[in-house]
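*Asks:* Okay, here's the prediction I keep looking at, along with the sequence it came from:
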Amino acid sequence: MAEAEPDNDAATLRPRCWHEVTWHMPWLATEPGSMPYYDGVQTAEFLRRYRELTGKKVPTVPYEWCGLTFQWLDPRLPEVQEFITACVTTQMEVLGSDHYYYIGIGGEGHFGSGSTEELNELTEALLFKTIDAVKKADPKAIILTGQPFPYATTYQAQ
């Protein structure tokens, strides 16, 4: 008997996305290094090894949250889009994929200094340019994001 095609209508995908997020969250919350954009050591290692292997430096922007500063990739730059695509491609080759991806857009924190226009441009790029880079590697990607925070300086862009 042939395997049934998955039902991709919105009414089916929403509960499936919710299931994926809530099923994975308990272990994600307790595993060090499970979210590289929050784990400064892991991000630094990614950046160092990528430079070693390719000779290319991946630019970052400072993201401040709760008194801490993290270096986030700046997806406005083509080399960062290439880096994101390479990461997704490698992950799929090594681990496979369920095609679900979570993209953080900096909801509660802020990106150092810059004009409102520049910060909004960066926030929008974090979503749209990152989605483009992920979908280049995985055209079947289903993207999940966090909610916007009204008190954030980039709320309108979120």
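*Replies:* Nice, I can see it.

*Asks:* Show me what the helix or strand that contains residue 79 is packed up against.
*Replies:* For residue 79, the enclosing helix or strand under DSSP states H and E is helix 78-95. In terms of contacts (3 or more C-beta pairs under 8 Å, 6 or more residues apart in numbering; DSSP states H and E), helix 78-95 is packed against helix 40-54, strand 68-73, helix 116-137. All C-beta spots, glycine's among them, are computed from the backbone N, C-alpha and C.

*Asks:* My read is that residue 70 contacts residue 104, right?
*Replies:* No - using C-beta atoms under 8 Å, residue 70 makes no contact with residue 104, being 10.5 Å away.

*Asks:* Could you list the low-confidence segments of this structure?
*Replies:* The model of the chain has pLDDT under 70 over residues 1-42, 106-107, 112-113, 149-158.

*Asks:* how much space between residue 144 and residue 69?
*Replies:* Residue 144 sits 25 Å away from residue 69, taking C-beta to C-beta, to the nearest Å as the criterion.

*Asks:* how about the helices and strands packed on helix 78-95 in TSV, adding mean neighbour count and distance to residue 95?
*Replies:* Converted to TSV, these look like this (neighbours: other C-beta atoms under 10 Å; distance: least, C-beta to C-beta, whole Å):
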stretch	mean neighbour count	distance to residue 95
helix 40-54	13	16
strand 68-73	16	20
helix 116-137	18	13
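
*Asks:* thought residue 99 was touching residue 141?
*Replies:* Yes - Residue 99 is in contact with residue 141 according to C-beta under 8 Å; the separation is 5.6 Å.

*Asks:* Need the residues touching each of those two.
*Replies:* Counting by C-beta atoms under 8 Å, 6 or more residues apart in numbering, residue 99 and residue 141 have no common neighbour.

*Asks:* so which of the helices and strands packed on helix 78-95 comes closest to residue 80?
*Replies:* strand 68-73 (4.8 Å; C-beta to C-beta).
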